[in-house]
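Participant: Pasting the sequence and the predicted coordinates here, then a few questions.
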Amino acid sequence: MTTFLLLLRALVGPGLVAFAYWQGLAHGLFPALAGVGLGVLMFGAAAARRDTAIVCFLFAGALMLALALHLVPGFSRTPLWGASIHTAKAIAGLAAMAMFPTALRWNAKVSAVALATLVVVPVLAWWLGLVRWAPAGLAAVGAFAIANLFSSLAEEWFFRRWVQQPLSGVVGAVLALLASAALFGLAHFQQGQLTMVMAAVAGLGYGAAFWLSGGSIWAAVLLHWMLNVLRVAMFGG
């Protein structure tokens, strides 16, 4: 891949931030700094020498996490037909997708994991009393499906590409899967302990899909998105 192409891909993050300013979805200095920082760090992660690339990769992941956790002020949500898109998280995910593209790979093992996840997680959540049967309307499900695609994309790019994949080379695939699932659960701490547990269980499914597909982040994104849409379809928002 040429340096020029890498540079163009690195500009996706800053470009999306500029678009957010134009649409009134970003205000002040911090979103601009975050956008430029994301572009520089991702370019360094892809184009720099190994030691520098590793440092840039780690800081890019930290910045993505800060964007996802609303730690960068100045961003507002994008309304979408009764739903909304987490603007900062969407920018982080789309920037990562542009910088580190990957193919969708799906096989019989991933299908088995997906089926188990789509059955076990909703049933367990219902059994624990976290949700109740309250199907959402078709329009609400459709709007949520579009909006949630951006969140699923960003979260899976972070937890698979920045957490699970590097860890697998250090502690092995199984421990990396368990660690990434646990961290995904911890990311939901504001929603209570039971929700953290359910998120960790779901994270096991997403991580297993990533692992068994041979490292296809799109497999994890698709499963994550399907489970979230199913939750809204069955239990409402």
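Facilitator: Done, it's in. Numbering: from 1, shown residues only.

Participant: so how far is Q165 from A233?
Facilitator: 31 Å (Cβ to Cβ, to the nearest Å). For glycine as for every other residue, the C-beta is placed from the backbone atoms N, C-alpha and C.

Participant: contacting residues around R49?
Facilitator: Counting by Cβ atoms under 8 Å, 6 or more residues apart in numbering, R49 touches no other residue.

Participant: any idea of the pLDDT on the residue positioned nearest the centre of the chain?
Facilitator: Nearest to the geometric centre of the chain sits E155, at 1.5 Å (Cα atoms, centre = their mean). pLDDT for E155: 93.

Participant: Ok, A140 next?
Facilitator: So, for A140, pLDDT stands at 87.

Participant: Surely it is in contact with L80?
Facilitator: No - applying Cβ atoms under 8 Å, one finds A140 not in contact with L80, separated by 11.2 Å.

Participant: okay, these two: which has more neighbours?
Facilitator: A140 (17 against 13; other Cβ atoms under 10 Å).

Participant: Which strands or helices does the helix or strand hosting that one pack on?
Facilitator: Taking DSSP states H and E as the criterion, A140 maps to helix 138-156. Helix 138-156 sits against helix 50-68, strand 78-80, strand 83-85, helix 87-99, helix 217-235, with contacts defined as 3 or more Cβ pairs under 8 Å, 6 or more residues apart in numbering; DSSP states H and E.

Participant: Swap in 7 Å and give it another go.
Facilitator: The elements that helix 138-156 packs onto, with contact taken as 3 or more Cβ pairs under 7 Å, 6 or more residues apart in numbering; DSSP states H and E, are strand 78-80, strand 83-85, helix 87-99, helix 217-235.

Participant: Show me where the chain dips below the pLDDT cut-off.
Facilitator: 1, 237 (pLDDT under 70).

Participant: how about stretch 23-30: buried residues?
Facilitator: 25-26 (16 or more other Cβ atoms under 10 Å).

Participant: gap between the two ends of it?
Facilitator: The first and final residues of stretch 23-30 sit 16 Å from each other (Cα to Cα, to the nearest Å).

Participant: gap between that stretch and the chain center?
Facilitator: Relative to its parent chain, stretch 23-30 has a centroid offset of 22 Å by Cα atoms, centre = their mean, to the nearest Å.

Participant: possible to save the helices and strands packed on helix 138-156 as CSV with distance to R50?
Facilitator: Below are those laid out as CSV (distance: least, Cβ to Cβ, whole Å):
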stretch, distance to R50
strand 78-80, 37
strand 83-85, 36
helix 87-99, 17
helix 217-235, 22
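
Participant: between those, which one is nearest to P31?
Facilitator: helix 87-99 (7.5 Å; Cβ to Cβ).

Participant: hang on, the earlier thing: can you give the contact residues for the helix or strand that the helix holding A140 is followed by?
Facilitator: Under the assignment DSSP H and E, the closest C-terminal helix or strand after helix 138-156 is helix 165-171. Residues from elsewhere that reach helix 165-171, judged by Cβ atoms under 7 Å, 6 or more residues apart in numbering: 176, 179-180, 215.

Participant: and if we set it to 10 Å?
Facilitator: Helix 165-171 is contacted by residues 54, 57-58, 61, 159-160, 173-180, 183, 207, 210-211, 215, 217 when judged by Cβ atoms under 10 Å, 6 or more residues apart in numbering.

Participant: Buried residues in it, which are they?
Facilitator: For helix 165-171, burial by neighbour count (16+ other Cβ under 10 Å) applies to 165, 167-168.

Participant: W133: neighbour count?
Facilitator: Neighbours around W133, by other Cβ under 10 Å: 8.

Participant: related to what we said a few turns ago, for the helix holding A140, what is the distance to the chain centroid?
Facilitator: So, by Cα atoms, centre = their mean, the centroid of helix 138-156 is 11 Å from its chain's centroid.
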